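Undergrad: A structural model of the following input is requested.
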Amino acid sequence: MQINKSWMMGLGLLACSLAASAGEADWTLRIKQEAKHLAITLGSTHQYGPNAGRIKGSGNLVEKKREIGSFSKLRIEGPLDVQLNQGATETLSISAEDNVEPLIETRLDGDALVIALKGGAGFTTRKPPRLMLGFRKLNAVQIKGSGDVSIDQLKAEQFAVNISGSGDLDIGLLEARELSASISGSGDVHIAGRAEQQNWSLSGSGDVSAASLSGRAAKAQLSGSGDLSLGVLEQLDANLSGSGDLSYAGRPKLTQKISGSGEISGR
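TA: Below you'll find the model as predicted:
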């Protein structure tokens, strides 16, 4: 499903009409596209999932803890935001309205924890669900929907990122020997810390801010419109075939190939 100009004009008119009818109310419209539906924020009302059968949140918040078992990978398949913290054990706490919490699915698929809305589920709420996830070991994060993932600190030998949706990833402090990231959607990535070997592949419109992520060497391939900002490196191998720009810090040994309109620059 693609958002075309008619959709955007219609949604804009909807927001304007609601603003007019609401008097002094402050209305904002936020849209995040997913493979099958949209996650829309209108003012303080959040809409998740398809229109058909969508329920209204009760307003009664509950906090539930779920048994999730051991995992080393995380896959987000819906419009749910998750806060992660590395610790001694795997834990999951969900804060949501009592008729919304059962719609959130958590299951293990091999060594991956999958978080999604149950098939066909949809709801509106003024109190978005909050998911707090504790983990011992995490090697990969995959975001296929519009859910955002935030990680305070992460230590890993190897860490992989795959974003094919509109969800964002934020890592406050990463310590890894090798980082591999593939961004084919519109989601943005913010990472600080150190990863000795970095492998970047950007083919979508999502931007990567890794100016505070240092390392020894990086390989970067940009074929979309997303921009990539890297930190201090000793060696950089860059291939640009799209319109995205690449910037870097320090004075790395640079090997570059440019066949698109994107530019490479030092800071």
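
Undergrad: does residue 227 really touch residue 244, like I thought?
TA: Yes: distance between residue 227 and residue 244: 5.1 Å, which falls inside the contact criterion (Cβ atoms under 8 Å). The way it works is simple: take the backbone N, C-alpha and C, and place the C-beta from them, glycine included.

Undergrad: how much space between the residue most central in space within the chain and residue 51?
TA: In the chain, the C-alpha closest to the average C-alpha coordinate belongs to residue 168, at a distance of 2.4 Å (Cα atoms, centre = their mean). Summarising the geometry, the distance separating residue 168 from residue 51, computed by Cβ to Cβ, to the nearest Å, is 25 Å.

Undergrad: Also residue 164?
TA: 23 Å.

Undergrad: now swap in residue 58 and tell me
TA: Computed with Cβ to Cβ, the distance linking residue 58 and residue 51 is 19 Å.

Undergrad: Now do the strands in the stretch 151-267 of the chain.
TA: Counting by DSSP state E, counting those that start in this stretch, residue ranges of the strands within the stretch 151-267 of the chain are 169-183, 189-202, 208-214, 217-222, 228-232, 235-240, 246-249, 253-258, 264-266.

Undergrad: Please read off the pLDDT at the nearest residue to residue 96 once chain neighbours are set aside from the model.
TA: The shortest distance from residue 96 to any residue that is not its chain neighbour, by Cβ to Cβ, 6 or more residues apart in numbering, is 3.8 Å, and that residue is residue 129. Residue 129 is assigned a predicted lDDT (pLDDT) of 95.

Undergrad: Could you do the one 10 residues further on as well?
TA: What the model reports as pLDDT for residue 139 is 98.

Undergrad: Same check on residue 47?
TA: Confidence at residue 47, expressed as pLDDT, is 87.

Undergrad: what's the answer for residue 52, then?
TA: 72.

Undergrad: That one is in contact with residue 120, isn't it?
TA: Yes: here residue 52 reaches residue 120: they are 7.4 Å apart, a contact under Cβ under 8 Å.

Undergrad: quick revisit: quick one: residues contacting the residue nearest to the centre of the chain.
TA: Neighbour list for residue 168: 148, 149, 187, 188, 189, 190 [criterion: Cβ atoms under 8 Å, 6 or more residues apart in numbering].

Undergrad: now the first one: how far from residue 234?
TA: Shown here: residue 148 relative to residue 234, a distance of 32 Å by Cβ to Cβ.

Undergrad: neighbour-wise, which of those two wins?
TA: Set side by side, residue 148 and residue 234 show more neighbours around residue 148, with 20 against 14, by other Cβ atoms under 10 Å.

Undergrad: quick one, what contacts the more buried one?
TA: Taking Cβ under 8 Å, 6+ apart, we find residue 148 in contact with 81, 82, 167, 168, 169, 170.

Undergrad: Tell me the backbone dihedrals of it, please.
TA: Comment: the main-chain dihedrals of residue 148 come out as phi -100, psi 140, following degrees, to the nearest 10.
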